[in-house]
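J.: just coords:
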């Protein structure tokens with residue numbers, strides 16, 4: 001098992017040097033690319049891009065649910081109470097950036113080139129830093145909404 005991970009790290013490091021990509025440790029911490037150690041591929045950057053996009057799309061769907069909770073589980077309505085207009089602007093920015101990435105990946109996916117994959121990974125990584133910082137702020141607001149819901153529930157009488 002360790003040798004597969006070492007091979008993944010080695011192969012990625014070679015590509016990272018060639019295309020000025022972030023180091024393995026950083027990308028793995030952000031996007032969990034170590035799970036690719038089990039995949040034998042000649043297109044490693046494509047597989048890494050797919051793993052990265054899984055997380056991007058997951059965050060996009062979460063943001064979408066917060067922005068338009070019409071079919072959301074009740075849980076979302078409780079946490080949305082902590083969102084103010086500044087948080088909504090951040091959330092809209094997150095949604096816009098993530099949506100742009102989902103659209104941009106279509107071209108990358110349809111026209112494979114190692115250069116294109118590397119460029120896209122670099123671009124996502126740059127965007128991700130700002131998305132992540134904004135998401136931290138939104139997350140705090142969501143936690144606040146959840147805490148308010150819990151406080152209200154704890155004070156109510158049900159019996």
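T.: Right, received. Where do you want to start? None of these values were measured; they are calculated from a predicted model.
J.: And the lowest-mean-pLDDT helix or strand in the chain, how far out from the chain middle?
T.: For the chain, counting by mean pLDDT, DSSP states H and E, helix 74-79 ranks last in confidence among helices and strands (a mean of 75). Its chain's C-alpha centre and that of helix 74-79 lie 21 Å apart, by Cα atoms, centre = their mean, to the nearest Å.
J.: For this structure, which segments are assigned as strands?
T.: According to DSSP state E, the chain carries no segments that qualify as strands.
J.: what about the helices in it?
T.: For the chain, helices defined by DSSP state H occupy the ranges 2-19, 24-31, 44-67, 74-79, 85-110, 114-155.
J.: ranking those helices by mean pLDDT, which is last?
T.: When the helices of the chain are ranked by mean pLDDT, helix 74-79 comes last with a mean of 75.
J.: for that helix, packing partners?
T.: If you count contacts as 3 or more Cβ pairs under 8 Å, 6 or more residues apart in numbering; DSSP states H and E, helix 74-79 packs onto helix 114-155. Glycine gets a C-beta too; all of them are placed from N, C-alpha and C.
J.: Next, the angle helix 44-67 makes with the helix it packs on.
T.: Taking axes from the mean of the first three to the mean of the last three Cα atoms, to 10 degrees, one finds helix 114-155 and helix 44-67 inclined to each other by 30 degrees.
J.: now the angle between helix 24-31 and helix 114-155, please.
T.: For helix 114-155 against helix 24-31, the angle by the same axes, to 10 degrees is 50 degrees.
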